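>>> I'd like to go over a predicted model; first the sequence, then the structure.
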Amino acid sequence: MEYKSSAYQIYMKYLVGFTLSVLITFGSYFLVVNKLADGYMLLIMLFILAFSQLFVQLLFFLHLGEEKKPRLRVQAFTFMFIILVIIVGGSIWVMHHLNYNMMNFTSEQKEHYMMTQRDKGF
Amino acid sequence: MNKLKDTALSYRTELGFWMYLMTDCILFGCLFATYAVLRGSTAGGPSEAELFDMPMVLAQTLALLTSTLTAGLMLVAMHRKRSVEFKVWLGVTIAFGAAFFAMELNEFALLIAEGQSWQSSAARSGFFALVGTHGLHILVGLLWATVLAVVVHRRGFTQKNIRQAKLFALFWHFLDVIWIFIFTFVYLVGASNGI
Amino acid sequence: MFGRLSLDAFPTDIITIGGVASGGAVVLAILAFITYKKKWRYLWNEWFTSLDPKKIGTMYAIVAAIMLLRGVADAVMIRAQQAVLSQTDLNLIDSDMFQQVFSAHGTIMIFFVAMGGMFAFINWIVPLQIGARDVAFPLLNSISFWLFAGGMVLMNLSLALGEFSGAGWLAYPPLSGLEYSPGTGVDYWIWSLQIAGVGSLLSGVNFLTTIFTMRAKGMTLMKMPVFTWSIVTSMLLVAFVFPILTVTLTLLGLDRLIGTHFFTSDLGGNPMMYINLIWAWGHPEVYILVLPAFGIFSELVPVFSRKKLFGYKSMVFALSSIMLLSFMVWLHHFFTMGAGANVNAFFGITTMLIAVPTGVKVFNWIFTMWRGKVKFTSSMIWFMGFAITFTIGGLTGVMLAVPGIDFQVHNSLFLVAHFHNMIIGGVVFGFFAGLTYWWPKFTGWKLHEGLGKIAAWLWIVGFLVAFLPLYALGFMGAVRRLDDYDPSFGWQSLFIVAGIGVMIIGLGVVTQITQIGYSWLKRKQLKVNSDPWDGRTLEWATPTPVPDYSFAKLPIVSDRDAWWEMKHAKTKVPTKYEDIEIPKNTGYGVYIGLLSTIVAFSIIWHIWWLVILSGVALVVVAISSTLREKTERVITAADIIAIEGKRQRSVL
């Protein structure tokens, strides 16, 4: 990659990126360890923090977006991300439905299933 | 002419390596998916919340994060053609990377000692495969960094070595990105008792 | 000392011994002949260590052709057993062996024939079409080939040492787990595919980088030939799905080696996750194979119709949307798994959607022929055979995409007929058409047209006779992978018809071998200039046989049909040259391929000391391969003038 900026700017970039990363890491860590949230709320917050960390590192460390046009790396990354969502998300979705339909449950899930069935009047 | 060729080669090599990293992302993605599907299947064994030593994991994360910063500083030193500074930062990167790797081995050893090896249940298999593959990549990175240090020491900042150093830094940053996701979705979600 | 390897590993049954003996005898005879002719040094210097993509392409083609013969032999055994043998006392193939035969047939045909053939075309044609002298990473290309070859060797070694997998071409667990397949068969399958697969993955990255960074000046993405476009889409699939295969095979291997529980039926393992993952790779895989075939047809239909390709943009759009859609249809391979109506409906619809861009392509080819001056060469006969059989296959594919129908014919011969319709009618016909079309560029002489036409007709007719009965058999309830059935079912007559079809295809193969041999004998008469078909794209701009450096001067492109444009603008052949640097030969590809094969072999047989030894050697060799200092050799301008003078050229 051709750096557009001077050594000092790169230097600062790494430092800022590092600081942000450490802050986000501590943020998500204490969110969990000090039990500041739970359930889906926690999961969503962890999601947001992880992805903001991803973007910090992509921009500050991996220098994504600094290359010249046609920005093949950005394109490759975007494509990879779409495929990743399809494959990982799809697999989890498929396997979740399968486990549900095949009643391949852990004990808690089984209990939950039984309760919902009872509520439905079975 | 030769300089033009070198620029083209650098561009090509970095793009090729980036494409490889993208394929590696898919590889980790599949391991994540397998882990996510199997994480509840502990076959009656303890849950992850009971197993993870969170302060240790935080220390691991910070070690890797620091090493990825020093890998960046190594690149800056290289652009300024400062050989000694370059080697120092490369050395620090290797040291923190090795510390991370040692902590990971220690964690694995403790888990196995507690009777929770990859043979215990599908959940543990998934854990060891995902985290272990990342660890294997770290090991490759450490080997690469060592070779890089020797080569730069012997041959100086040749065009080829500069390319290699950039690729190594890219690889190292990439491993940090993967670790963020392991840290969040394996350790933090696991410690909050796997929602 | 030798792990599981002992004298028991050698085969004992008559058919395998016969196969090994005859195969071994042929191999030994070839080796002895090479030694007698003192050709080893020549082979090593000119071929094995070569980084020239054209030579690597030829080596891919040779491996694929040899494996095609073995794959066809397996097919003949399967059909012979089903048609006659199972109903007589002469039951030569027992169930165990039958399992290995159909597993080997599928594995060989997909991984070594189709993939090998595809990489042969890519290596030869893509650099020439984009006006490049080389690929982005020449050594990596050689490594990819030798990994592929190593996988092939391992795969065939299973005949002589131990057994091959009997778990089908995708080795579903728990059947492929240690509990039900304790032998070495599944291990052979895992590790030969693993190293061949890593080779393919690296090739994918290599060719993507090549096409994106090394195109001739002026060749924008929308001026690329359609074959190159098809390779872009196909290699994107390779790069983004082969990691899934790597992971899946590794996890299955770990289950068998160190007792993990990913896909076992105990301790929480989930075999369905394997099926999910392997098809997330496996479905795009068939598109990896068929997209290049589409590309080949898109090259030769305009040439033999003497018209521009109809709808270039829609062609590119169709390729891209097929590529993207193929990532989201994998569940249609296991509708019956029980993921439920919502999931099945989603994947059923995405599957049907693929028919739309594919239909666009078929119509574009037909519109290209419309009002063209069509020349019915053997390549065009392959094309028309393709257009019909592939469309039939597409229609049955849409039927299978309906979950309700799929529940009825899942795992039946209807499915077998469908995918052979796509793969023989699509991929194989495409590759044969391409082979005939580009053969003059490969060798400097044409293949005999008459024999080519006979072969094409034999294949087309043989294909229809062999596979249409299977649709009926599928409806009648015959499942796939059946080595025996009750005669009262009334299936035998249809199986016999199918067997006759296979024999007609076999005749086609014999005709093709004759065609190549005969044309070689008559190569003086069949000699042609560098552009025998009046081609349109840049590969025809090179002299024939193509020199090591391909282009004496790199071309500058202004039009989609770059060579056509140059011909009609009467561009002069350059006479002033500069020195050219091309990559120097190196043996690292061979070493890395060989060491990987040894690692895989010792893992299969649990020879742990050899795993460690060869593994360390592999790492050392891989590191030292990156330390090479002088990687290029120079061809001087004077040499170029001499070489260019001797080659066949078309008159501008």
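Alright, I've got the coordinates. The shown structure was predicted, so the numbers you read here are calculated from the model rather than taken from an experiment.

>>> The longest helix along chain A near chain B anywhere?
Across chain A, the longest stretch assigned as helix under DSSP state H is helix A:7-33. Yes. Helix A:7-33 reaches chain B (CB under 8 Å from any CB of the partner chain) through A:7, A:10-11, A:14-15, A:17-18, A:21-22, A:25, A:28-29, A:31-33. (Each C-beta comes from the backbone N, C-alpha and C, glycine too.)

>>> Buried ones among these?
The neighbour count (16 or more other CB atoms under 10 Å in any protein chain shown) marks A:I10, A:Y11, A:Y14, A:G17, A:F18, A:S21, A:T25, A:S28, A:Y29, A:L31, A:V32 as buried among the residues of helix A:7-33 next to chain B.

>>> any idea how far chain C is from the third one?
I take that to be A:Y14. Using CB to the nearest CB, to the nearest Å, A:Y14 is found at 26 Å from chain C.

>>> Could you list the low-pLDDT ranges of chain B?
Within chain B, the stretches with pLDDT under 70 are B:1, B:194-195.

>>> Geometric centre of it: which residue is closest?
B:L175 (3.5 Å; CA atoms, centre = their mean).

>>> what's the helix or strand for the nearest residue to C:K375 once chain neighbours are set aside?
In space, C:K375 comes closest to C:F304 once its chain neighbours are excluded; the distance is 4.8 Å by CB to CB, 6 or more residues apart in numbering or on different chains. Applying DSSP states H and E as the criterion places C:F304 in helix C:271-305.

>>> Please point out which parts of the helix or strand that that helix is followed by sit buried.
Per DSSP H and E, the first helix or strand lying C-terminal to helix C:271-305 is helix C:312-325. Residues of helix C:312-325 classed as buried: C:Y312, C:M315, C:V316, C:A318, C:L319, C:S321, C:I322, C:M323, C:L324, C:L325 (neighbour count, 16+ other CB under 10 Å).

>>> for stretch C:345-356, same thing?
C:F346, C:F347, C:G348, C:T350, C:T351, C:L353, C:I354, C:A355.

>>> Next, the contact list for the residue of chain C found nearest chain B, please.
Sorted by distance to chain B under CB to the nearest CB, the residues of chain C start with C:G268, at 2.8 Å. C:G268 is in contact with B:L38, B:S41, B:T42, B:A43, B:S121, B:A122, B:A123, C:H261, counting by CB atoms under 8 Å, 6 or more residues apart in numbering or on different chains.

>>> On the three-state scheme, the closest residue to it other than its chain neighbours is what?
In space, not counting the residues next to it along the chain, C:G268 is nearest to B:S41; the distance is 2.8 Å by CB to CB, 6+ apart. Put simply, B:S41 is coil when judged by DSSP: H, G, I helix; E, B strand; the rest coil.

>>> Next up, identify which helix or strand C:E581 is on.
strand C:580-583.

>>> what would the buried residues of helix C:312-325 look like in a markdown table with distance to chain B?
Output for those, formatted as a markdown table (distance: CB to the nearest CB, whole Å):
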| residue | distance to chain B |
| --- | --- |
| C:Y312 | 26 |
| C:M315 | 24 |
| C:V316 | 21 |
| C:A318 | 24 |
| C:L319 | 19 |
| C:S321 | 20 |
| C:I322 | 19 |
| C:M323 | 15 |
| C:L324 | 15 |
| C:L325 | 18 |
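
>>> And the furthest pair within the residues you listed?
C:Y312 and C:L325 (20.4 Å; CB to CB).

>>> list the contacts for B:G126?
B:G126 neighbours (CB under 8 Å, 6+ apart): B:L31, B:T34, B:Y35, B:V37, B:L38, B:R39, C:F262.

>>> Swap in 10 Å and give it another go.
Neighbour list for B:G126: B:31-39, B:41, B:118, B:186, C:251, C:260-262, C:268-270, C:273 [criterion: CB atoms under 10 Å, 6 or more residues apart in numbering or on different chains].

>>> just C:M323 next, same as before
Contacts of C:M323 by CB under 10 Å, 6+ apart are C:230, C:232-237, C:240, C:284, C:287-288, C:291, C:357.

>>> Got a quick PyMOL command for the buried subset of these?
Listed next is the PyMOL selection for buried residues among the contacts of C:M323, using 16+ other CB under 10 Å:
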select buried, chain C and resi 230+232+233+234+235+236+237+240+284+287+288+291+357
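
>>> ok, and of the contacts of C:M323, which contact chain B?
Contacts with chain B within the contacts of C:M323, counted by CB under 10 Å from any CB of the partner chain: C:M235, C:L236, C:F240.

>>> Return the member of those nearest to B:T13.
C:M235 (17.6 Å).

>>> first vs last residue of stretch A:58-78, how far apart are they?
By CA to CA, to the nearest Å, the extent of stretch A:58-78 from end to end equals 12 Å.

>>> any idea of the mean pLDDT for that stretch?
Regarding stretch A:58-78, the rounded mean pLDDT is 88.

>>> hmm, the helix or strand of chain A with the lowest mean pLDDT touching chain C?
Here the helix or strand of chain A ranked lowest by mean pLDDT, DSSP states H and E is helix A:107-119, holding a mean of 75. No. Judged by CB under 10 Å from any CB, helix A:107-119 makes no contact with chain C; its nearest approach is 12.3 Å.

>>> Which strands or helices does that helix pack on?
Here helix A:107-119 touches helix A:90-101, going by 3 or more CB pairs under 10 Å, 6 or more residues apart in numbering or on different chains; DSSP states H and E.

>>> returning to what we had before: any chance of CSV for the buried residues of helix C:312-325, columns distance to C:D534?
Below are these laid out as CSV (distance: CB to CB, whole Å):
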residue, distance to C:D534
C:Y312, 19
C:M315, 21
C:V316, 24
C:A318, 26
C:L319, 25
C:S321, 32
C:I322, 30
C:M323, 31
C:L324, 35
C:L325, 36
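
>>> got a markdown table for those, with pLDDT too?
A markdown table is the format used below for the buried residues of helix C:312-325 (pLDDT from 0 to 100):
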| residue | pLDDT |
| --- | --- |
| C:Y312 | 95 |
| C:M315 | 96 |
| C:V316 | 96 |
| C:A318 | 96 |
| C:L319 | 96 |
| C:S321 | 96 |
| C:I322 | 96 |
| C:M323 | 96 |
| C:L324 | 95 |
| C:L325 | 95 |
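
>>> which of those lies closest to chain A?
Lowest distance from chain A to the buried residues of helix C:312-325 (CB to the nearest CB) belongs to C:L324, with 8.2 Å.

>>> these two touch, right, that closest one and A:I83?
Yes. The pair C:L324 and A:I83 passes the contact test of CB atoms under 10 Å, sitting 8.9 Å apart.

>>> which residues do the two both contact?
Common neighbours of C:L324 and A:I83 (CB under 10 Å, 6+ apart) are C:L236, C:L237.

>>> isn't C:F262 right up against B:Q119?
No. The pair C:F262 / B:Q119 is not scored as a contact, 11.5 Å apart, by CB under 10 Å.

>>> and for those two, which residues touch both?
Common contact partners of C:F262 and B:Q119 (CB under 10 Å, 6+ apart): B:S125.

>>> quick one on the thing from earlier: can you tell me which of the contacts of C:M323 lies closest to B:S47?
Each of the contacts of C:M323 was scored against B:S47 by CB to CB, and C:F240 proved nearest at 34.0 Å.

>>> OK, contacts around that closest one?
Going by CB under 10 Å, 6+ apart, C:F240 touches A:76, A:79-80, A:82-84, A:86-87, B:19, B:22-23, B:25-26, B:29, C:201, C:204, C:281, C:284, C:323, C:327.

>>> So it: helix, strand or coil?
Secondary structure state of C:F240, per three-state DSSP, is helix.

>>> so how far is C:S614 from it?
30 Å (CB to CB, to the nearest Å).
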